[in-house]
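Asks: Everything below, folded, please.
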Amino acid sequence: MDTVWIVSANAGRARIFAESKPDGALQEVDSLVNTSARMRVNEKYTDRIGPLAAGQSSHNTGGALPSTQYEPQQTPDEREAEAFAKDVSARLVAGLREGQFQKLSLVAAPKFLGVLRSVLDPELKQLVNLELDKDYTQSNAQQLREQLQAQRQ
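Replies: Modelled structure (predicted):
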């Protein structure tokens, strides 16, 4: 029987469970936390004006010219979620290289599942056997197992 790792995640937390037998209990392998997602807004950001603040205005008045480098429109929260998804992907790659699992199931909040898909290593994409766009990070292992069995049927 192949070992399946089940990732239950959202932008703030990721829990990795191992399933060795289809009817056996899930074992929690690891838990990752995105500390910046749990911080207050005033702890993460300041309202200080940067050197290019006016450079983004329609008339470029009052500040330095904007950089010539292109930056995609992305909020700080989206950037943090992407960085956390990369951390989760790196942890999964490490587990794969150590031979800890052969299949992968992704259970994540809908928005975070899209981010996770976009940064997932190609090796891992081939192993994904189930994707579920629900946030079960607060559920215990038994509740998660029940939800997965319902989804598989």
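Asks: model confidence over the strand or helix carrying G95, on average?
Replies: In this assignment (DSSP states H and E), G95 forms part of helix 76-97. For helix 76-97, the mean pLDDT works out to 93.
Asks: which parts of the helix or strand following that helix are buried?
Replies: Remark: after helix 76-97, the chain's next helix or strand is strand 103-108, criterion DSSP H and E. Neighbour counts over strand 103-108 (16 or more other CB atoms under 10 Å) mark 104-108 as buried. For glycine as for every other residue, the C-beta is placed from the backbone atoms N, C-alpha and C.
Asks: just checking, what packs against the helix or strand that strand 103-108 is followed by?
Replies: Downstream of strand 103-108, the next assigned helix or strand under DSSP H and E is helix 110-119. With contacts taken as 3 or more CB pairs under 8 Å, 6 or more residues apart in numbering; DSSP states H and E, helix 110-119 sits against strand 4-9, helix 76-97, strand 103-108.
Asks: Which residues belonging to helix 110-119 are considered buried?
Replies: Here helix 110-119 shows 112-113, 115-116, 119 as buried, counting by 16+ other CB under 10 Å.
Asks: Could you measure from G24 over to Q142?
Replies: Per CB to CB, to the nearest Å, G24 is found 12 Å from Q142.
Asks: now V115
Replies: Applying CB to CB, the value for V115 to Q142 is 28 Å.
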